[in-house]
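Asks: My questions concern the predicted model and sequence given below.
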Amino acid sequence: QQQVKQSPQSLIVQKGGISIINCAYENTAFDYFPWYQQFPGKGPALLIAIRPDVSEKKEGRFTISFNKSAKQFSLHIMDSQPGDSATYFCAASSRPGGTSYGKLTFGQGTILTVHP
Amino acid sequence: NAGVMQNPRHLVRRRGQEARLRCSPMKGHSHVYWYRQLPEEGLKFMVYLQKENIIDESGMPKERFSAEFPKEGPSILRIQQVVRGDSAAYFCASSPRLRGGLAAQETQYFGPGTRLLVL
């Protein structure tokens, strides 16, 4: 119930194309859904995040779409660039026992390659 | 403003040795999380600490692993008697304390990680 399932495992997109990565969850207590970008040898960096009270959030070329009833959310990268080539992780967190901190449950990751 | 710092960046240990991983949170942050990333997998939560307190260690293996975050100095993740299965990247993340002592749920800033290789 704590899992977050992410797909696809890898994705190849041409420069200028749209990259779409999907995630699904089971735990309805999750109330925060961030996406992280990780380059080789680096730590994950927060890209964009959403809460379940909105269905979409856009920041520049990055958009999160959220479907609460289906328990799914996705990351769209518009006008994909070679510099976007990285591993992307979706994550979800809840606040255990009514506390205020949020431990993150990560998806398995998607390796995105954008060809020039 | 320096980010989260971790050292060493790479650590090689033989089976049975001890590994000590250090994490210095961002300035002003008093909450630290440790995550483990096995090869080709996502990160898995291990432990959440505040200064001098372990708040949630539900993801920590029951044996050989321990964590601390003393009043002064970095947070330490300690692995005793390492085995090959401990080979992984270990990341820490820090978050600020909001008014009233509440941790910011969303703002976890990750360090560059320590890559542990057990021979």
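Replies: Noted; the coordinates are in hand. Residues are numbered from 1 along each chain as shown, chains lettered A, B, ... in the order given.
Asks: Skipping adjacent residues, who's closest to A:Ile18 in space?
Replies: Nearest residue to A:Ile18 in three dimensions, chain neighbours excluded: A:Met78, at 5.8 Å (Cβ to Cβ, 6 or more residues apart in numbering or on different chains). C-betas here are computed from N, CA, C, even on glycine.
Asks: That neighbour: how many residues sit nearby?
Replies: 13 (other Cβ atoms under 10 Å in any protein chain shown).
Asks: wait, what's in contact with it?
Replies: A:Ile18, A:Arg61, A:Phe62, A:Thr63 (Cβ atoms under 8 Å, 6 or more residues apart in numbering or on different chains).
Asks: Same check on A:Gly43?
Replies: Applying Cβ under 8 Å, 6+ apart to A:Gly43 gives the contacts B:Val4, B:Phe91, B:Ala93, B:Phe110, B:Gly111, B:Pro112, B:Gly113.
Asks: can you list the residues of chain B near chain A?
Replies: By the rule Cβ under 8 Å from any Cβ of the partner chain, the part of chain B lying against chain A is B:4, B:31, B:33, B:35, B:40-45, B:48, B:55-56, B:58-59, B:91, B:93, B:95, B:102-103, B:105-113.
Asks: Type out the ChimeraX command that picks the buried ones from the contacts of A:Met78.
Replies: Remark: buried members of those, expressed as a ChimeraX selection using 16 or more other Cβ atoms under 10 Å in any protein chain shown:
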select /A:62,63
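Asks: Could you work out the most separated pair of the contacts of A:Met78?
Replies: Comparing all pairs in the contacts of A:Met78 by Cβ to Cβ, the longest separation belongs to A:Ile18 and A:Phe62, at 11.3 Å.
Asks: Could you name every residue contacting both of these two?
Replies: Residues within reach of A:Ile18 and of A:Phe62 at once, by Cβ under 8 Å, 6+ apart, are A:His76, A:Ile77, A:Met78.
Asks: Count the residues that sit near the first one.
Replies: Going back to what we said before, that points to A:His76. 16.
Asks: Now do the contacts for the nearest residue to it once chain neighbours are set aside.
Replies: Excluding the flanking residues, the one nearest A:His76 by Cβ to Cβ, 6+ apart is A:Thr63, at 4.4 Å. Counting by Cβ under 8 Å, 6+ apart, A:Thr63 makes contact with A:Ile48, A:Glu56, A:Lys57, A:Leu75, A:His76, A:Met78.
Asks: Which ones among these lie within helices?
Replies: Per DSSP state H, helices hold no members of those.
Asks: quick revisit: closest one of the contacts of A:Met78 to chain B?
Replies: Taking Cβ to the nearest Cβ as the measure, chain B sits nearest to A:Phe62 out of the contacts of A:Met78, at 15.8 Å.
Asks: Many thanks, we can stop here.
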